[in-house]
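**Student:** pasting the structure only:
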């Protein structure tokens with residue numbers, strides 16, 4: 001399935017704006033994602049592109065579509081296309097990066113760019129555990 005197949009449903013997805021949430025929002029977001037059925041989804045608004053979240057949501061059976069609205073505003077729609085249980089191993093650990101913008105927005109962007117460059121690269125040689 002692709003975004004074209006579910007984009008008409010995206011308007012009805014629950015919106016979660018995490019730009020100003022203090023503390024870790026991931027556990028609550030994960031519970032919401034696990035409770036949704038195939039064809040349902042979430043609309044996340046963040047100050048940076050949440051690359052670490054993509055792998056986690058994919059592990060739960062979600063596809064995503066991202067739109068950058070401004071330098072510090074990203075909208076990501078996640079649609080559940082299959083029911084997966086997810087994996088609690090390494091891909092969840094980098095989600096701490098999603099909290100960095102609470103300290104400093106530029107630090108958050110640097111951390112996410114680092115994640116994308118090192119761990120998302122097809123040329124990655126280090127295991128996630130490192």
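**Tutor:** Sure thing, it's come through. These numbers were taken from a predicted model, which means no experiment stands behind them. Numbering: from 1, shown residues only.
**Student:** separation between residue 36 and residue 110?
**Tutor:** To residue 110, residue 36 is 32 Å away according to CB to CB, to the nearest Å. Where C-beta positions appear, they are placed from N, C-alpha and C, glycine not excepted.
**Student:** give me the mean pLDDT for stretch 35-50.
**Tutor:** Stretch 35-50 shows a mean pLDDT of 94.
**Student:** how far off centre is that stretch?
**Tutor:** 7 Å (CA atoms, centre = their mean, to the nearest Å).
**Student:** next: stretch 72-79.
**Tutor:** On the basis of CA atoms, centre = their mean, stretch 72-79 sits 8 Å off its chain's mean C-alpha point.
**Student:** give the buried residues for it.
**Tutor:** Neighbour-count burial for stretch 72-79, counted by 16 or more other CB atoms under 10 Å, picks out 74-79.
**Student:** now for the protein, the helix or strand with the poorest mean pLDDT.
**Tutor:** Ranked by mean pLDDT, DSSP states H and E, the weakest helix or strand in the chain is helix 100-103, scoring a mean of 62.
**Student:** how about residue 83, what does it touch?
**Tutor:** Residue 83 is in contact with 37-38, 61, counting by CB atoms under 8 Å, 6 or more residues apart in numbering.
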